[in-house]
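Enquirer: Model the following, please.
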Amino acid sequence: MQIKLPLKSTLFKNIQRDKDVRGQILSIVDYPVKNVSIIESLPETFRSNHYHYVDFHFMYLLEGEIDYFYKSLTSNEINYFKVKSQETIFTPANEIHSCYFPVFTSMVVSSGFPRDQKTYEDDTERIDLVTQSNIKEMLEKYGQK
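Expert: Numbering: from 1, shown residues only. From the prediction side, this is the model:
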């Protein structure tokens with residue numbers, strides 16, 4: 001089964017494939033990818049603050065949480081998700097996204113492109129959406145209370 005990818009950031013429902021006395025099988029990505037990485041982020045750090053011209057990624061949180069901010073390239077409206085452990089968020093191409101990690105966070109990231117530095121940089125435009133200087137304001141304005 002291949003899914004059609006959304007055009008904006010979306011919390012994805014993981015697919016319960018099987019569950020029995022041995023445990024469970026949970027599918028977190030049902031789409032062709034060329035890289036799967038484990039990324040760890042220390043408390044009070046930032047990642048992303050960019051968009052991709054073509055690439056996309058799925059991020060499944062093993063532990064921790066993300067204050068995830070995103071916006072369209074054609075709009076000033078900023079959107080927000082609180083992503084928690086065992087949730088998957090999808091990030092499409094051409095959407096600015098920024099991740100703030102209030103606590104230690106470990107995640108599995110699956111991308112459409114290989115993760116070598118040249119391929120990654122050629123497809124990435126950096127934008128300072130959420131930074132140390134504005135994180136408090138951004139959380140107060142967009143974050144969940």
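Enquirer: Who does residue 80 form a beta bridge with?
Expert: With DSSP bridges as the criterion, residue 80 is bridged to residue 69.
Enquirer: for it, what are its contacts?
Expert: 67, 68, 69, 70, 142, 143, 144 (Cβ atoms under 8 Å, 6 or more residues apart in numbering). All C-beta spots, glycine's among them, are computed from the backbone N, C-alpha and C.
Enquirer: What's the PyMOL line that selects buried ones from these?
Expert: Buried subset of the contacts of residue 80, written as a PyMOL selection, criterion 16 or more other Cβ atoms under 10 Å:
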select buried, resi 67+68+69+70+143
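Enquirer: dump the residue contacts of residue 40.
Expert: By Cβ under 8 Å, 6+ apart, the neighbours of residue 40 are 104, 105, 106, 107.
Enquirer: repeat that for 10 Å
Expert: With contact set as Cβ atoms under 10 Å, 6 or more residues apart in numbering, residue 40 has these partners: 62, 63, 64, 101, 104, 105, 106, 107.
Enquirer: On the strand side of things, show who it bridges to.
Expert: With DSSP bridges as the rule, residue 40 is bridged to residue 106.
Enquirer: how much space between it and residue 107?
Expert: 8 Å (Cβ to Cβ, to the nearest Å).
Enquirer: any shared contact partners between those two?
Expert: By Cβ under 10 Å, 6+ apart, the residues touching both residue 40 and residue 107 are 62, 63, 64, 101.
Enquirer: wait, which of those residues is closest to residue 74?
Expert: residue 101 (27.8 Å; Cβ to Cβ).
Enquirer: and residue 88, how many neighbours?
Expert: Neighbourhood size, residue 88 [other Cβ atoms under 10 Å]: 22.
Enquirer: what's in contact with the longest helix along the chain?
Expert: Secondary structure assigned by DSSP state H gives helix 135-142 as the longest helix of the chain. Residues from elsewhere that reach helix 135-142 (Cβ under 10 Å, 6+ apart): 44, 46, 67, 69, 78-82, 98, 100, 102, 129-131, 134, 143, 145.
Enquirer: Mark which of these are buried, thanks.
Expert: Buried among the contacts of helix 135-142 by 16+ other Cβ under 10 Å: 46, 67, 69, 78, 80, 81, 98, 100, 102, 129, 130, 143.
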